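Undergrad: Fold the following and give me the result.
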Amino acid sequence: MKKKIAILHPAFGWGGAEAVCVWVIKTLKNDFYIDLVTNRTDVSINKINSFFGMDFYKDDFKIIKLKKYPLEGYILSSHLVQRYFKKHRSEYDLVISTNNEMDFGRKGIQYIHFPTMFEAEEKKSIYKKVYYNFSSWLSGYNREKMKNNLTLTNSSWTKQMITKAYGIKSRVVYPPIEDILSIPWDKKENGFLCLGRISPEKKIEKVIKILKEVKKISPDIHLHIIGAYGDKQYLKKVQYLVKSDKNWIFFNLNVSRNELKELISSHRYGIHAMEEEHFGMVVAEMIKASCIVFVPKGGGQVEIVGEDERIIYNDIIEASEKITKVLQDHLKQEEILKRLLRLGKIFSQEKFMQDIKDSVDILN
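TA: Predicted coordinates:
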């Protein structure tokens, strides 16, 4: 008889963390009954299939959507799903958090994208202290019990952050990155892709500033901004910024997985601007599709590009200068691309699925 697993994923936001969640479900659905517990009301199997290119059936897993709470915020959302599990833990044989650290009331598996329950007391405002304490009280959160979980994480950089925050060991399990069939380099468009949730931390305005500088020297470039809805106010800001440059900046919201793959496979370059990105699934995706991707210094994204200083930047001026050099040097393009494609082989969906199965076997 199949055992039952609870997969806890608060604030299901249609990004990299959610891709990890979806692939954990795909990995385990044939061997376990699965409940996906979240407090986002817009999650459905049909939307998951469309956004992530899956083929789930309604019987593959059940989505449990928790009732909305008067207060909001990620920390509270996380504690609410923990609270739900503790009330219902007798119904489950195993529990997995696919969105950061949690106290389940018993040992489980937690995939930490970045340690979020930890913040130095001296950095917290009075409001934050009340918010954190109230949220922890709701779930009965115990940090020492959380430390007993089997901890997985997305990069060596995040692993260091976890050790710094909690002093615990974690295992790097790179997120599942799809092999996207690419067209030959000489047939690709001389354009850039900026992928990710439309949220302030993605710093899309910085991408626009960088490429405006590049365009002064290479006027034939263009930019596709592709993402899912994140922050409404920030979305309006980005829409305003691109309004006067619609001849070369294209804003693609909520595209299907197939449309996204076509865009990735047909463009030469990618650019990312989030500082200290914990991993950067979109960076890895673009690399595997034969794109040269430029990233800020810091975080797991530097790990993905093999710390290649030719495509790592500190600020807008340095970014525009380095990008211009690469655009003007075909030999440099070839050298960078060959190196990135070698590095990209370590990121795969098959490796991720095997790592998840191995982790479940430890506790099962």
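
Undergrad: can you count the residues close to residue 176?
TA: 24 (other C-beta atoms under 10 Å). Bear in mind the C-beta positions are built from the backbone N, C-alpha and C, glycine included.

Undergrad: residues contacting it?
TA: By C-beta atoms under 8 Å, 6 or more residues apart in numbering, residue 176 lies in contact with 19, 20, 23, 348, 349, 352, 353.

Undergrad: Looking at those residues, which one is closest to residue 106?
TA: Proximity of the contacts of residue 176 to residue 106 (C-beta to C-beta) peaks at residue 20, which lies at 22.0 Å.

Undergrad: Which helix or strand contains the closest one?
TA: helix 16-28 (DSSP states H and E).

Undergrad: Mind giving me the packing neighbours of that helix?
TA: On a contact count with 3 or more C-beta pairs under 8 Å, 6 or more residues apart in numbering; DSSP states H and E, helix 16-28 meets strand 3-8, strand 32-38, helix 45-52, helix 281-288, helix 349-363.

Undergrad: Just the angle for the helix or strand following the fourth one relative to helix 281-288, thanks.
TA: Meaning helix 281-288. Per DSSP H and E, the first helix or strand lying C-terminal to helix 281-288 is strand 292-296. Here strand 292-296 runs at an angle of 150 degrees relative to helix 281-288 (axes from the mean of the first three to the mean of the last three C-alpha atoms, to 10 degrees).

Undergrad: Strand 292-296 - what's its average pLDDT?
TA: Across strand 292-296, the average pLDDT comes to 97.

Undergrad: Please apply the same query to stretch 12-19.
TA: Rounded mean pLDDT across stretch 12-19 is 87.

Undergrad: Also stretch 348-361?
TA: pLDDT averaged over stretch 348-361 gives 96.

Undergrad: Same question for stretch 130-140.
TA: Computed over stretch 130-140, the average pLDDT equals 92.

Undergrad: next one: that stretch to chain centre, how far?
TA: Centre-to-centre, stretch 130-140 and its host chain are 26 Å apart (C-alpha atoms, centre = their mean, to the nearest Å).

Undergrad: Which residues belonging to it are considered buried?
TA: 131, 132, 135, 136, 139 (16 or more other C-beta atoms under 10 Å).

Undergrad: Repeat that for stretch 297-317.
TA: Within stretch 297-317, the residues that count as buried by 16+ other C-beta under 10 Å are 299-305, 308, 310-313, 316.

Undergrad: Could you work out the end-to-end span of that stretch for me?
TA: Distance between the boundary residues of stretch 297-317 (C-alpha to C-alpha, to the nearest Å) amounts to 14 Å.

Undergrad: mind listing the strands for the stretch 51-200 of the chain?
TA: 62-65, 94-97, 109-112, 150-153, 171-172, 189-195 (DSSP state E, counting those that start in this stretch).

Undergrad: Rebuild those strands as JSON lines, extending it with mean pLDDT and mean neighbour count.
TA: What follows is those, written out as JSON lines (pLDDT from 0 to 100; neighbours: other C-beta atoms under 10 Å):
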{"stretch": "strand 62-65", "mean pLDDT": "96", "mean neighbour count": "16"}
{"stretch": "strand 94-97", "mean pLDDT": "98", "mean neighbour count": "26"}
{"stretch": "strand 109-112", "mean pLDDT": "98", "mean neighbour count": "26"}
{"stretch": "strand 150-153", "mean pLDDT": "98", "mean neighbour count": "22"}
{"stretch": "strand 171-172", "mean pLDDT": "96", "mean neighbour count": "14"}
{"stretch": "strand 189-195", "mean pLDDT": "96", "mean neighbour count": "21"}
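
Undergrad: Of the ones you listed, which is nearest residue 289?
TA: Once the strands of the stretch 51-200 of the chain are compared by C-beta to C-beta, strand 189-195 is nearest, at 9.5 Å.

Undergrad: how far off helix 281-288 does the closest one point, in degrees?
TA: Going by the same axes, to 10 degrees, strand 189-195 makes 150 degrees with helix 281-288.

Undergrad: how many neighbours does residue 141 have?
TA: Neighbour count of residue 141, defined by other C-beta under 10 Å: 23.

Undergrad: which phi and psi does it have?
TA: Here is the backbone geometry of residue 141 (degrees, to the nearest 10): phi -60, psi 130.

Undergrad: Just list the residues touching it, thanks.
TA: 79, 82, 103, 117, 135.

Undergrad: ok, of these, which one's closest to residue 325?
TA: For the contacts of residue 141, with residue 325 as the reference and C-beta to C-beta as the criterion, the closest is residue 117, at 42.3 Å.

Undergrad: Can you show me the CA trace of stretch 216-231 as CSV?
TA: Written as CSV, here are the backbone C-alpha positions of stretch 216-231 (Å, rounded to 0.1, in the frame of the first residue of the first chain):
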residue,chain,number,x,y,z
LYS,A,216,24.8,52.9,-28.1
ILE,A,217,27.6,50.7,-29.5
SER,A,218,25.5,47.8,-30.8
PRO,A,219,22.2,49.3,-32.0
ASP,A,220,20.9,46.0,-33.4
ILE,A,221,20.3,44.3,-30.1
HIS,A,222,16.9,43.9,-28.5
LEU,A,223,15.5,42.7,-25.1
HIS,A,224,12.7,40.3,-24.1
ILE,A,225,11.5,40.7,-20.5
ILE,A,226,9.7,37.5,-19.7
GLY,A,227,8.1,36.7,-16.4
ALA,A,228,5.1,35.9,-14.2
TYR,A,229,3.2,38.4,-12.1
GLY,A,230,4.9,39.2,-8.9
ASP,A,231,4.5,42.7,-7.4
